[in-house]
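Undergrad: can you look at this prediction? I've put the sequence above it.
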Amino acid sequence: NPPVDVLFVVDNSGSMAQEQVKLTENFQSFITHFTSLGLDFHIGVITTDVENPAESGILQGSPKILTATTPEIDRYFLENASTGTDGSGSESGLEAIRLALSEPNLSGANAGFLRPNAILAVFVVSDEEDWSDGDNNEPAVGDAPPISLYADLLLALKGGDPSKVTFPVIVGDVPTGCTSPDADAEPGVRYHDLATALNGSKSSICSQDFAAVLDTIGSDLAVLVTAFPLEYTPDPVTITVDVDGIPMVRDQETGWYWDALVGGVAFAPLAVPAACSVIEIHYAVADYGGPIETGNAEAPPEQCPMIAPPMQAGNSLDGGYFACTVGAFEASPGAAATFFALASLALVAVRRRR
């Protein structure tokens, strides 16, 4: 299991008292997924206030980095995440994240939190829109840094690998905001947009039951940490998984399953293999006959090229080549091929191999 670093961004403006209570009282619903798997985790808390020099992306509390060996971790999370309600009314959660995970804080005030080999989860809890670089009168709009700036920053910290970054949020519903007996929230549009860009879940801060919300987020992170991305794009129906030589059942509740988010095999919580298990994943490579792209995706051609000569050997994952006609890609003689529809014009031959 790789380590995981979780950065909580907690709104500390004047309207957040009840939401902070719901977050801290239900922390156990979140952390139980980490402790039950024996994960190596770091948990830190920052606020949405970037005007106060004592905050501005600086980890709060003492100890400021909670780990699997922190005694009474629930108590310390309660203290760290109870950030109060005296923070700036210009809640700038995205800018706080940038400050926390870049210099000088990264190797200064927050040194030791972010680990190069860890999966990174950034978790926002706020009842307002992001005001980063706003005019202090309205949430950031025209003059705000684009969402791509923050997505690129987080991805760059993990070598551009989207399977190692996630951005779950508990914010106001989009597009209309939300109201409940203990919450009145503006729509968190920018937070939603970044969650979409980084495959994060979106939950309502007006939810009465934070236990269920935190349980789901914790479970999602546990899956991300314990999943196995595949080197090449598979034909998912051909995947088989053996653990220590014993075939595992394909079942999302009791065994393994294909997870498109991580591009690999994930395990149900009770089926996660023990440390040092030998996991064998067999699958047929989806071979479209095109150039191998970076990552684990070999993109199919957009349409059948109008050429008669076959593609040259070496352009496909298994070294084969494909002849093309107007209506279909046809495998060269002797190749075993399966044909799939591509738009309405062509079929793509997918050669299968173990």
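TA: Arrived safely.
Undergrad: buried ones in the lengthiest helix in the chain, by neighbour count?
TA: Assignment by DSSP state H gives helix 210-226 as the longest helix of the chain. Buried residues in helix 210-226, defined by neighbour count with 16 or more other Cβ atoms under 10 Å: 210-211, 213-226. (C-beta placed from N, C-alpha, C; glycine too.)
Undergrad: what's in contact with that helix?
TA: Contacts to helix 210-226, defined as Cβ atoms under 8 Å, 6 or more residues apart in numbering, come from residues 1-2, 4, 6, 22-23, 25-27, 29-34, 37, 39, 119, 121, 123, 163, 166, 168, 170, 201, 203, 207, 259, 261-262, 266-267, 269, 272.
Undergrad: chain center to it, what's the gap?
TA: Here helix 210-226 is found 11 Å from its chain centre; the criterion is Cα atoms, centre = their mean, to the nearest Å.
Undergrad: elements contacting the host helix or strand of residue 33?
TA: Per DSSP states H and E: residue 33 is located in helix 27-37. Contacts defined by 3 or more Cβ pairs under 8 Å, 6 or more residues apart in numbering; DSSP states H and E place helix 27-37 against helix 73-81, helix 210-226.
Undergrad: related to what we said a few turns ago, who does the helix or strand just after the longest helix of the chain pair up with?
TA: Later in the chain than helix 210-226, the nearest helix or strand by DSSP H and E is strand 228-229. Strands that pair with strand 228-229, judged by DSSP bridges, come out as strand 264-267 (antiparallel).
Undergrad: average model confidence for the partner strand?
TA: Averaging pLDDT along strand 264-267 yields 92.
Undergrad: tell me the contacts of residue 154?
TA: Taking Cβ under 8 Å, 6+ apart as the contact definition, residue 154 lies against 97, 101, 120, 122, 165, 167, 198.
Undergrad: okay, and which of these map to helices?
TA: Those of the contacts of residue 154 lying in helices (DSSP H): residue 97.
Undergrad: and the contacts of residue 154, which of them are buried?
TA: By neighbour count, with 16+ other Cβ under 10 Å, these hold 97, 101, 120, 122, 165, 167, 198 as buried.
Undergrad: closest to the centroid, which residue in the protein?
TA: By Cα atoms, centre = their mean, the chain has its centre lying nearest to residue 166, at 2.3 Å.
Undergrad: next one: stretch 27-39 to chain centre, how far?
TA: Averaging C-alpha positions (Cα atoms, centre = their mean) puts stretch 27-39 17 Å from its chain's average.
Undergrad: same question for stretch 268-284.
TA: The answer for stretch 268-284 is 21 Å, by Cα atoms, centre = their mean.
Undergrad: who touches that stretch?
TA: Taking contacts as Cβ under 8 Å, 6+ apart, the residues outside stretch 268-284 that touch it are 1, 33, 36-38, 219, 222, 226, 228, 230, 234-236, 238-245, 248, 251-257, 265, 267, 350, 352-354.
Undergrad: next: stretch 9-17.
TA: If you take Cβ under 8 Å, 6+ apart as the criterion, stretch 9-17 is touched by 19-20, 23, 45-49, 55, 81, 83-89, 91, 93, 96-97, 122-128, 184.
Undergrad: for ChimeraX, what selects the buried ones among those?
TA: Written as a ChimeraX command, the selection of buried residues from the contacts of stretch 9-17, which uses 16+ other Cβ under 10 Å, is:
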select :19,20,23,45,46,47,48,49,55,81,83,87,88,91,93,96,97,122,123,124,125,126,127,128
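Undergrad: so which of the contacts of stretch 9-17 are in helices?
TA: Per DSSP H, helices hold the following members of the contacts of stretch 9-17: 19-20, 23, 81, 93, 96-97.
Undergrad: in JSON lines, list those residues along with pLDDT and distance to residue 70.
TA: Below are the ones in helices among the contacts of stretch 9-17 laid out as JSON lines (pLDDT from 0 to 100; distance: Cβ to Cβ, whole Å):
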{"residue": "19", "pLDDT": "95", "distance to residue 70": "24"}
{"residue": "20", "pLDDT": "95", "distance to residue 70": "20"}
{"residue": "23", "pLDDT": "96", "distance to residue 70": "18"}
{"residue": "81", "pLDDT": "97", "distance to residue 70": "14"}
{"residue": "93", "pLDDT": "97", "distance to residue 70": "25"}
{"residue": "96", "pLDDT": "97", "distance to residue 70": "23"}
{"residue": "97", "pLDDT": "98", "distance to residue 70": "23"}
